[in-house]
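Undergrad: sequence and predicted model, in that order:
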Amino acid sequence: LLIRKRHVVRQLESRTTLPVGLGGERPSISQLQLQPGDRVLCYTDGVIEERNADGQSFGEERLIRCVNRIEHVEGGMRAEALQLSQALKQERGGHTSDDATLFLIEWRGNPANHPATLQE
């Protein structure tokens, strides 16, 4: 997910592949122009595929709503990533049956605003 000014502005679509070293298809490479302060949220399928008691999956739209609700907190990006993790756990009723890993990256860039290459 591309996060700009604290809101998800775009879903980054790509083929899903196995982690490096486990085989599978070769990852595709795509480019995206980032602005200083942009964040990219990467996550494992366990974040969105968790199911509630009714069998409904958590889903990417619900994840986006959680990201957009996170408030700015002192302590920077690390504190905000922790706050997001706690919000997701609460949204899921404290239940996780699969891995649920988040990886939040912030592009600080420079005035030249060089393009970044995302390996997907």
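TA: Happy to help now that I have it.

Undergrad: dihedrals phi and psi, Gly59?
TA: phi 80, psi 160 (degrees, to the nearest 10).

Undergrad: next one: the host helix or strand of Val40 to chain centre, how far?
TA: Per DSSP states H and E, Val40 falls inside strand 39-43. Averaging C-alpha coordinates over strand 39-43 and over its chain gives two centres that are 3 Å apart (C-alpha atoms, centre = their mean, to the nearest Å).

Undergrad: so which bits of it are buried?
TA: The neighbour-count criterion (16 or more other C-beta atoms under 10 Å) identifies Arg39, Val40, Leu41, Tyr43 as the buried residues of strand 39-43. All C-beta atoms are positioned from the backbone trio N, CA, C, and that covers glycine.

Undergrad: the first one reaches Arg108, doesn't it?
TA: Meaning Arg39. No. No contact is recorded between Arg39 and Arg108 when judged using C-beta atoms under 8 Å, the distance being 10.4 Å.

Undergrad: partner residues bridging the spatially most central residue of the chain?
TA: Among the residues of the chain, Leu41 comes closest to the average C-alpha position under C-alpha atoms, centre = their mean, at 2.5 Å. Per DSSP bridges, residues listed as beta-bridge partners of Leu41: Leu104.
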